[in-house]
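1. What follows is a predicted structure for the sequence shown.
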Amino acid sequence: MTDSKNNKAIVAYFSATGTTRKAAKELADVMGATLHEITPEKPYTSADLDWTDSTSRCYVEMHNLEYRPPISDKIDNMTEYETVFIGFPIWWYIAPTIVISFIENNNLDGKTVICFATSGGSPIGPCVEALKKQYPNIDWKEGKLLNHVSRQDLENWKRELGI
C-alpha cells in the first residue's frame, strides 16, 4: 500500500510484527512523506519469525544472504522521490533480506537514503555500514533507531536532516 503526500520523500518499511509499522506511520506523518509498506509475496507467520528455530523462514533467509524474498510490489514512480527512508526490524544485527529485495527492485542510485530501525538491543550503525558497502551508488545518511520514539524526537530529527 502506498499513500501519497509529499512527492519528494517516501517512507518504505518492512514490519514483521507491527512495531516498525507504528514508527513508519509516525515518521511519514512528521516528514510529510508517502508511506509504503514492503510486503512479502508470502506473508510471514509467527512460526516463520521464530528466530530460535533453525528451520524457520527468517532463520533460513538470514543465513543465506544471497536469497531475496519476493516482494508483492514495486514502486513504479520511484523517480519522483529524492529522499527514501527505509525502515525495518534488525535481524541478526543487519537489515532483513526482504529489505535487500526492496532495494534491488527499486533503483535507488543517486537517491538520499536514510534507514530507521526498531530493535530489542542491536544498534543501527552496522546495518547502515553493511548497506553502504553493498550499494555504494546510493547516498546513505546516518540512520536512527526509532524504538518508542516520540513525535517531538521525530520533529527534532527532521530539523537535523534539514527536511
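-> Looks like it arrived, so ask away. Numbering: from 1, shown residues only.

2. Strands of this protein, residue ranges please.
-> Applying DSSP state E to the chain gives strands spanning 2-3, 6-13, 33-37, 83-89, 112-118, 139-145.

3. of all the ones you listed, which lies closest to Tyr59?
-> strand 83-89 (14.3 Å; CB to CB). C-beta here means a position set from N, CA and C on the backbone, and glycine is covered the same way.

4. Give me the contact list for that closest one.
-> Residues lying outside strand 83-89 but in contact with it, judged by CB atoms under 8 Å, 6 or more residues apart in numbering, are 8-17, 19-20, 23-24, 27-28, 31, 33, 38, 78, 95-96, 98-99, 102-103, 108, 111-119, 146, 163.

5. Direction included, what does that strand pair against?
-> Strand 83-89 has the following strand partners under DSSP bridges: strand 6-13 (parallel), strand 112-118 (parallel).

6. Extract the CA atoms of that strand and return them as PDB.
-> Only the C-alpha atoms of strand 83-89 are listed here, as PDB (Å, rounded to 0.1, in the frame of the first residue of the first chain):
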ATOM      1  CA  THR A  83      14.700  11.000  -0.200                       C
ATOM      2  CA  VAL A  84      13.900   7.400   0.700                       C
ATOM      3  CA  PHE A  85      13.500   6.400   4.300                       C
ATOM      4  CA  ILE A  86      13.800   2.600   4.700                       C
ATOM      5  CA  GLY A  87      12.600   1.100   8.000                       C
ATOM      6  CA  PHE A  88      13.000  -2.400   9.300                       C
ATOM      7  CA  PRO A  89      13.400  -4.500  12.400                       C
END
